[in-house]
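> Let's see this in three dimensions:
(one chain, ligands or ions: 2)
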Amino acid sequence: MKISLEEATSLLLSEGVVAIPTETVYGLAAKYDAHAACEQIFALKKRPPANPLILHIASYADLLFFTSSPPESLQKLSDAFWPGPLTCVLPVDTQKVPALIRSGLPTQAFRIPSHPLTLQLIQKVGPLVAPSANLSGKPSSVSPEHVEQDFGCHFPVLDGGMCQNGVESTILLFQEGRWHLGRLGAIPQEAFAPILGYTPAALHTEMPLCPGHYFRHYAPNARLHLNQSISCHKAIVGFSDRIYPGAPSFFSLGSSHSPQEALFNLYTVLRKLDEEGISDAHVDIHVPQEGLWLTFLERIQKAAAG
Ligand code: TXA
Ligand code: MG
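Numbering: from 1, shown residues only. Ligands and ions are numbered 1, 2, ... in the order given. The predicted structure is shown next:
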């Protein structure tokens, strides 16, 4: 159920849960210090309690309340990318962030989203936790209709239209004096080099940096096939400027020259497969192994593994 900014404000102030638009994907939001509402987020999503939430703030000054000595480079990242699709994970003052939302870790993920409605909402209500507004393991929501598919037509959604990026934020984690890549996302890895002087890379540890990476992700009910040879007997998820002879049905990711377009369309297409009762689909993954295409390939591989 689409609601206004005023309705969203009053629901959140009375410790409710509301879906909010961001430039990446819709989020399932609550005031960070509303314990019952935060618990409800985990329950609604069927999210494992070991998977912590991102805290959405409105300014760099908000962040300084939670962490007294951020790394110097954070100010540079903030100037370059916030408000926008970057999430930074930092050690925090654990007295100030409820253990529930950081899953007991000594760190917290922060992001300043750029969607104007959500920025206004945070300015009125204060910092909001918000995981992506989808059932755990399923494709994220990039429109109010997607949120309603997962949580019902009476679930309150602040209507901000379609999400501009359509894919989650890039996550960087600060550890041992350096930034590491926690999750590929809407900002390509190489965009950080001019700011930091190096490209943050994934740490190769036994434990994934983001606890969320343990869990099944982004997967529709349809089985996705990523093998190189495209079978003409299956539905095809592919590009509008390529020809797939004999395919019984076709789901377009847009131009094969635009990773932004592919990411914008990705979750809508994955959801459409299920809406149309498709059991198996072949995905065209003949794309360059660089830039934002790496985010596209990572999401598709996770969705296929589900
Ligand atoms: O674009 C986004 O980031 C969206 C919008 C709504 O802001 N949010 C989002 O949240 O994608 P979620 O909960 O679906 O994914 C957050 C990821 C999870 O993989 C989680 O494990 C990781 O961030 N994360 C959160 N807190 C963390 C922490 N303290 N240390 C490491 N990873 C963390
Ligand atoms: Mg998610």
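> all strands for the protein, in order.
Secondary structure of the chain (DSSP state E): strands at 2-3, 18-20, 27-31, 54-56, 86-91, 107-111, 128-129, 157-158, 170-175, 178-183, 223-225, 235-238, 250-252, 280-283.
> Please produce JSON lines containing the ones you listed, extended by distance to ligand 1.
Where C-beta positions appear, they are placed from N, C-alpha and C, glycine not excepted. Output for these, formatted as JSON lines (distance: least, C-beta to the nearest ligand atom, whole Å):
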{"stretch": "strand 2-3", "distance to ligand 1": "17"}
{"stretch": "strand 18-20", "distance to ligand 1": "8"}
{"stretch": "strand 27-31", "distance to ligand 1": "3"}
{"stretch": "strand 54-56", "distance to ligand 1": "5"}
{"stretch": "strand 86-91", "distance to ligand 1": "4"}
{"stretch": "strand 107-111", "distance to ligand 1": "4"}
{"stretch": "strand 128-129", "distance to ligand 1": "9"}
{"stretch": "strand 157-158", "distance to ligand 1": "12"}
{"stretch": "strand 170-175", "distance to ligand 1": "6"}
{"stretch": "strand 178-183", "distance to ligand 1": "6"}
{"stretch": "strand 223-225", "distance to ligand 1": "20"}
{"stretch": "strand 235-238", "distance to ligand 1": "22"}
{"stretch": "strand 250-252", "distance to ligand 1": "23"}
{"stretch": "strand 280-283", "distance to ligand 1": "22"}
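> Get me the contact residues on the stretch 151-300 of the chain for ligand 1.
With the criterion set to C-beta under 6 Å from any ligand atom, the stretch 151-300 of the chain comes near ligand 1 through 168-169, 171, 182, 209-212.
> returning to that earlier point: can you put the strands of the chain in a markdown table and add mean pLDDT and mean neighbour count?
Listed next are those as a markdown table, based on pLDDT from 0 to 100; neighbours: other C-beta atoms under 10 Å:
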| stretch | mean pLDDT | mean neighbour count |
| --- | --- | --- |
| strand 2-3 | 98 | 16 |
| strand 18-20 | 98 | 26 |
| strand 27-31 | 98 | 27 |
| strand 54-56 | 98 | 24 |
| strand 86-91 | 97 | 23 |
| strand 107-111 | 97 | 25 |
| strand 128-129 | 98 | 27 |
| strand 157-158 | 98 | 26 |
| strand 170-175 | 96 | 23 |
| strand 178-183 | 96 | 20 |
| strand 223-225 | 95 | 18 |
| strand 235-238 | 96 | 24 |
| strand 250-252 | 97 | 17 |
| strand 280-283 | 95 | 21 |
